[in-house]
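In: build me a model from this:
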Amino acid sequence: MANLAPDRTDFYEMLVENYKTICYNINNAKVKYRKPDDNVLLMGVTKTVPPDIINASIDLGISLLGENRVQEYLSKKDFYKPAQVHMIGHLQTNKVKYIINEVSMIQSVGSEKLAGEINRLALKNNKTMDILVEINIGSELSKSGVLLEELDELIEKVSVMPAVKLRGLMTIPPVGSKEDVFEKMHGMFLEKKAKLGDSFDTLSMGMSGDYELAVKHGSTLVRLGTALYGARKYINTEEK
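Out: Numbers count the residues shown, from 1 in each chain. So this is what the prediction gives:
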């Protein structure tokens, strides 16, 4: 068993079962709807999840983590076991400097301004940063991301930035979205991939409530928090 406090024992057992269920569901969706060699990455979304639980999930096989908040991530990162980390939450330009050398990808790029700041700091640090363009597929006022009618312009501008590498698209479909939304997103991804080449290889789509539907419709990366770690009120460190 992972190195957890005694009061985490029941939680660890739940984590193991959740992980098994998720892997089964992803594989089942792949068998039904995808090619055998299609790869779907499972990301553990670790907002409010304490390091010991994160490390327990890494021990199980979760090698990719998603962080939503810069400050929270910086407070936890030194306690992580080896894993890749992506920034997936809304990112302010003045926070990029804190993570430019810490994460392997920034998924939530929804504006030229943010992409430009990532590019500037990546150049300054002699590196290239992988990014995804975030699409506000439902045109929801409460969500960040580029609107569909502005996507081509943003991709065109990002594509010529020397220190960012556009790897694909990311989205958070509206709650309760039907299959047509996922089909639309996948079609858009394939259209852009045909133009931009094989390095455009990531469609980050699918969360705890819809990941099986996302896998059915071409997602290459699903971002799971509650489905993996349970309801956050049970894992908040302030309640332990």
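
In: go ahead and confirm Phe11 touches Ile53.
Out: Yes. Here Phe11 reaches Ile53: they are 7.0 Å apart, a contact under Cβ atoms under 8 Å. Backbone N, C-alpha and C define where each C-beta goes, glycine included.

In: higher neighbour count, those two?
Out: Ile53 (23 against 19; other Cβ atoms under 10 Å).

In: packing partners of the longest helix along the chain?
Out: If you go by DSSP state H, the chain has its longest helix at helix 9-33. With contacts defined as 3 or more Cβ pairs under 8 Å, 6 or more residues apart in numbering; DSSP states H and E, the packing partners of helix 9-33 are strand 41-45, helix 51-60, helix 211-216, helix 226-229.

In: go again using 7 Å as the cut-off
Out: Helix 9-33 sits against helix 51-60, helix 211-216, helix 226-229, with contacts defined as 3 or more Cβ pairs under 7 Å, 6 or more residues apart in numbering; DSSP states H and E.

In: other residues contacting the following helix or strand past the longest one?
Out: Translated: helix 51-60. Next along the chain after helix 51-60, taking DSSP states H and E as the criterion, comes strand 64-67. Where contact means Cβ atoms under 7 Å, 6 or more residues apart in numbering, the residues beyond strand 64-67 that reach it are 41, 43-46, 54, 73, 83-89, 223.

In: just the buried residues of those.
Out: Buried by 16 or more other Cβ atoms under 10 Å: 41, 43-46, 54, 73, 83, 85-89, 223, out of those.

In: what's the closest of those residues to Ile135?
Out: Within these, the smallest distance to Ile135 is 13.6 Å, found for Ile88 (Cβ to Cβ).

In: pretty sure that closest one contacts Arg223?
Out: Yes. With contacts counted by Cβ atoms under 7 Å, Ile88 reaches Arg223, the gap being 6.2 Å.

In: any common contacting residues for those two?
Out: With contacts taken as Cβ under 7 Å, 6+ apart, Ile88 and Arg223 have Val45, Gly66 as neighbours in common.

In: what's the burial count for Asn39?
Out: Counted with other Cβ under 10 Å, Asn39 comes out at 10.

In: so where's the chain shaky on pLDDT?
Out: Along the chain, the model assigns pLDDT under 70 to residues 1-7, 232-240.

In: mind jotting down where the strands sit in it?
Out: Under the criterion DSSP state E, the chain contains strands at 41-45, 64-67, 84-87, 105-109, 129-135, 164-171, 202-204, 221-224.

In: out of the ones you listed, which is closest to Ala29?
Out: So among these, strand 221-224 is nearest, using Cβ to Cβ, at 9.9 Å.
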